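> have a look at this fold, sequence not included:
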Ligand code: NDP
């Protein structure tokens, strides 16, 4: 029997409606409208689309968004000064500097300049450290969206073997920590992992975050496994595919996310969640 499709668009819409309602209650109670500031440096067309979509989603959820566009030649020191200004501005609750940044700017220096309590991307080392040690933090949006989808699908993670393919700081590592916190037994794989197909075959839950089109084949998937495909890969013919060979894998998996329409819509949804959370925490701290 083909797998049940995990519809990220539909789940995202439900979660966004909940966030919009909570944002409305927050505004009515405090008189504060949560505000996300996005900073785009340069002209990368994909980044421009991402930033525009983030701002639009924010407005649709009853929150404010401000986009600051800077030229590709913008000096690092001026960007750091802007971040400091936004950190100090009480009307700003979330700051998102769109990555990648031009080569002359040190990304980690910029990420570390963002106040951890406004770091709605969850990339600051303080937030990453708290995720590791179990403290209150902002969790990166894609891993958070994956957990939300698993919960929505009532996937019981306790004692299950979760295999995460990819160990990046923005997807692989944080999602592995979140799965571990939910009592899964977690294996993290990467480009040096030996016999990857055999490791994936032993998984009850597979999270693929590799960036290699359809690398994970259908015969790597154990019958009934839950497959979360994070990959977004554009093929030369223009098609968008994930890291999992979807047509093959859906014949064996129990549940599977499509690409597009799976993890992608959940990522922006969780940015809205983090922005509302930042405003709520900042309001509680004054
Ligand atoms: P990175 O390039 O930062 O990390 C890729 C990881 O995959 C690395 O850990 C790398 O291993 C591993 N890898 C590469 N080749 C292999 C291989 N042959 N076998 C096993 N592991 C391999 O990517 P990201 O984590 O940033 O993104 C992954 C994918 O997810 C991309 O397609 C990206 O576009 C997509 N993405 C989608 C999002 C969404 O909203 N849906 C959000 C973020 C990302 P090593 O560390 O050894 O090099």
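Looks like it arrived, so ask away. Model, not experiment: these values are computed from the prediction. Numbering: from 1, shown residues only.

> now for the closest residue to residue 16 other than its chain neighbours, how many residues are close by?
In space, residue 16 comes closest to residue 269 once its chain neighbours are excluded; the distance is 5.4 Å by CB to CB, 6 or more residues apart in numbering. Glycine gets a C-beta too; all of them are placed from N, C-alpha and C. When neighbours are counted by other CB atoms under 10 Å, residue 269 registers 26.

> equivalent analysis for residue 100, please.
Counted with other CB under 10 Å, the neighbours of residue 100 add up to 12.

> all numbers from here: first residue = 38
Sounds good: first residue 38 from here, last item residue 137.

> I figured the residue nearest to residue 53 was touching residue 56, is that so?
Yes - the criterion here is CB atoms under 8 Å, and residue 306 meets it with residue 56 at 7.3 Å.

> thinking again about what came up before, what's whichever strand or helix holds the residue nearest to residue 53 packed up against?
Taking DSSP states H and E as the criterion, the element that holds residue 306 is helix 300-322. Packing partners of helix 300-322 (3 or more CB pairs under 8 Å, 6 or more residues apart in numbering; DSSP states H and E): helix 45-67, strand 72-78, helix 82-97, strand 131-134, helix 178-189.

> got TSV for these, with mean neighbour count and mean pLDDT too?
Formatted as TSV, the entries for those read as follows, by neighbours: other CB atoms under 10 Å; pLDDT from 0 to 100:
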stretch	mean neighbour count	mean pLDDT
helix 45-67	16	98
strand 72-78	23	98
helix 82-97	16	95
strand 131-134	27	98
helix 178-189	23	98
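
> quick one: which of the ones you listed is nearest the ligand?
helix 178-189 (4.2 Å; CB to the nearest ligand atom).

> now the next helix or strand after the closest one: buried residues?
Downstream of helix 178-189, the next assigned helix or strand under DSSP H and E is strand 198-202. Along strand 198-202, these residues count as buried under the neighbour rule (16 or more other CB atoms under 10 Å): 198-202.

> nearest to the ligand, of those?
Lowest distance from the ligand to the buried residues of strand 198-202 (CB to the nearest ligand atom) belongs to residue 202, with 5.4 Å.
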